[in-house]
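Visitor: what's the 3D shape of this:
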Amino acid sequence: MRRTGLQREVLEFYKKCLRAALGKPENSRPHFVAFVRQEFRGHAKTIEVKDFNTIEYMLRRGKKQLEILGGSSVVDINANMFKS
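Guide: Numbers count the residues shown, from 1 in each chain. Sure thing, here's the model as predicted:
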């Protein structure tokens, strides 16, 4: 299946988020993985595939969030706290 450039970018970002979750302490990894899945699945249900502006905005927002949450000072996360 061929993907558009934006679809590839979203998929690559999803993988990057999961890899970042694997870099967290072992006991909190499931929380980070659940958070990533919750964010992507929740937005996938509410954003239209052709809504490029929103998708690009969410990518920018997600990258900023990953920068903050991916830091070594963040050791655990409550996925329910970030419901969008």
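Visitor: could you use CA atoms for every contact and neighbour count after this?
Guide: Will do.
Visitor: what about the protein, any weak spots by pLDDT?
Guide: For the chain, the stretches flagged by pLDDT under 70 are 79-84.
Visitor: helices along that one, start to end?
Guide: Under the criterion DSSP state H, the chain contains helices at 5-22, 29-46, 52-69.
Visitor: closest one to Asn78 among these?
Guide: Closest to Asn78 of the helices of the chain, according to C-alpha to C-alpha: helix 29-46, at 6.7 Å.
Visitor: Val49 - how many residues pack around it?
Guide: 11 (other C-alpha atoms under 10 Å).
Visitor: same check on Ala34?
Guide: Neighbours of Ala34 (other C-alpha under 10 Å): 16.
Visitor: please apply the same query to Asn53.
Guide: 9.
Visitor: now for the residue nearest the centre of the chain: which residues touch it?
Guide: Closest residue to the average C-alpha location of the chain: Val36 at 4.5 Å, with C-alpha atoms, centre = their mean. Val36 is in contact with 14, 17-18, counting by C-alpha atoms under 8 Å, 6 or more residues apart in numbering.
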